[in-house]
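what follows is a predicted structure for the sequence shown.
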Amino acid sequence: MSGRQIPDDVPRFSPARIRAARIATTAVFGFHGVALAQWFLRIPDVKIHAGLDDGQLGLALLGSAMGSVPAMPIAGALTARFGSTRMTAAIAVMFMLLFGLPSFATSLWMLFGALVLFGVSVGGIDVAFNSQASEVEAHHGAPLMSGFHGSWSLFSLVGTLIAAPVMAMGISPEVHLTVAGLLAGGAILVTTHWFLPSAPRQAEATKSVARLTPALLALGAIAGLSLLVEGAVADWSGIYLRTTLEMAPASAGLAFGAFSVTMAVARLLGDRVAARFDPRSVLATGAVLSGVGIMIAVAIPNQLLAVGGFALCGVGIGTIFPIALSAASRLPGQAPGTAIAAVATMGYAGFLAGPPLIGGVSRASSLAVGFGVAIVASAVMFLLTRLIPKTRTTTVDGHPFGVGASTAA
């Protein structure tokens, strides 16, 4: 089985044009990662400013899920109608205007409402530029998705390095996040100039719904659980280090920073790893490393062990989501676009719903116990890999392609 084929109604581009679009897409993933790192590290301050406890913060974070998850299929439909380039540019303007809004909230319901709008912009733009990434990958003729997501993780680390001195200087969350949104959204808007122009693909328009086979549902659940773990670390690791382990505010970002580094490395190597080994085995191994890492982070109240545990979790969780997307696009009998959309929607639902769930458990018990949700998620991911067909390695134009033809499970 070869990789994705470019439909006959889609124009071909020169190698130089495709290379420019690849660089631009990588940059957009990076800008998005830098911006969200600012948000993740400012969540404790937003929580204090709004006067919330852990449980209330978890409820407020549910607002981003309620905004993002419905926005994603809508953004996908609009992207199919107007193209990923136009939609990324359009939603970048919304991103600029709404990104800093949650930092001005002074109550639970103000924060909830602001996060609904925040979620619409963050989720919508994510769908749009991931669609462009899929188009660039198809024209390139070799797997790129894991690398694109790796650039997001790598630039998230850059974002933590930017945020730490900003926080140390005493700059308010309102100013910090507003400026971050304006800069990141503006950079994304400008960078879309180098995207591949895209238009509706009439051949795929009638295949608007994926077939919900056991394999597709398993991949969607794995994607959702993997991003649940990622969201848990992103939203709660800083709070855990600051409140439970009493680490200084400027240093509490080390956990997310270490997690971002290891996740970035795993993703940058992910296409090669998946091409060398059976992707199902890679997913299962990643689930084990994720669960063990979280256990190390919360089992013993030690700052160094916590940072190391979150770093190990990053190694395990890093490749799971991009490999799940890649595997979905190659399932027999599925249209690649609709299969990817189904898995991505389930994935981001987990990313956005997980942190509020952990907040609720934390309110009833403790944040360390709340992280048990992520440990259970890792265990369930491991079990679900048994529902995914085994695959063999194949190549496209001499390049390793992570998921090959299906064999018997």
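Yes, it's here.

and the helix or strand harbouring Ala92, what's buried?
Ala92 is part of helix 84-98 when elements are defined by DSSP states H and E. By neighbour count, and taking 16 or more other C-beta atoms under 10 Å as the criterion, the buried residues in helix 84-98 are 84-92, 94-96, 98. C-beta coordinates here come from the backbone N, C-alpha and C atoms, glycine included.

give me the lowest-pLDDT entry from those residues.
On pLDDT alone, Ser84 ranks lowest of those, at 86.

run the chain-centre distance for the helix holding Ala92.
Here the centre of helix 84-98 is set off from its chain's centre by 18 Å, with C-alpha atoms, centre = their mean, to the nearest Å.

neighbours of Ala299, just the number please.
Ala299 has 14 neighbouring residues, counting by other C-beta atoms under 10 Å.

need phi/psi at it.
The phi/psi pair for Ala299 (degrees, to the nearest 10) reads phi -70, psi -40.

separation between it and Gly141?
Ala299 sits at a distance of 46 Å from Gly141 (criterion: C-beta to C-beta, to the nearest Å).

hang on, the earlier thing: can you tell me which of the buried residues of helix 84-98 is nearest Leu304?
Using C-beta to C-beta, Phe95 is the member of those that lies nearest Leu304, at 36.4 Å.

now that closest one: closest residue in space, sequence neighbours ignored.
Using C-beta to C-beta, 6 or more residues apart in numbering and skipping the chain neighbours, the partner closest in space to Phe95 is Gly185 (4.0 Å).

list the buried ones in whichever helix or strand the one you found is part of?
Using DSSP H and E, Gly185 falls within helix 173-191. Buried residues in helix 173-191, counted by 16+ other C-beta under 10 Å: 173-174, 176-178, 180-185, 187-189, 191.

so that helix versus helix 84-98, what angle?
Here helix 173-191 points in a direction 160 degrees away from that of helix 84-98 (axes from the mean of the first three to the mean of the last three C-alpha atoms, to 10 degrees).

now for helix 173-191, which elements pack on it?
Other elements packing on helix 173-191 under the criterion 3 or more C-beta pairs under 8 Å, 6 or more residues apart in numbering; DSSP states H and E are helix 15-50, helix 84-98, helix 145-168.

and the last one, what does it pack onto?
When you say that, I think you mean helix 145-168. Using 3+ C-beta pairs under 8 Å, 6+ apart: helix 145-168 touches helix 15-50, helix 108-140, helix 173-191, helix 254-268, helix 270-276, helix 320-329.

adding mean pLDDT, write those out as JSON lines.
Converted to JSON lines, the helices and strands packed on helix 145-168 look like this (pLDDT from 0 to 100):
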{"stretch": "helix 15-50", "mean pLDDT": "94"}
{"stretch": "helix 108-140", "mean pLDDT": "89"}
{"stretch": "helix 173-191", "mean pLDDT": "97"}
{"stretch": "helix 254-268", "mean pLDDT": "85"}
{"stretch": "helix 270-276", "mean pLDDT": "75"}
{"stretch": "helix 320-329", "mean pLDDT": "80"}
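
nearest to Gly150, of the ones you listed?
Taking C-beta to C-beta as the measure, the helices and strands packed on helix 145-168 were each checked against Gly150, and helix 254-268 came out nearest at 3.2 Å.

contacts for stretch 166-173 next, please.
When contacts are defined by C-beta atoms under 8 Å, 6 or more residues apart in numbering, stretch 166-173 is touched by residues 38, 41-42, 45-46, 49, 103, 176, 249-250.

cool, and stretch 106-116?
Residues outside stretch 106-116 that contact it (C-beta under 8 Å, 6+ apart): 46, 49-52, 56, 59-64, 66-67, 101-102, 104-105.

perfect, that will be all.
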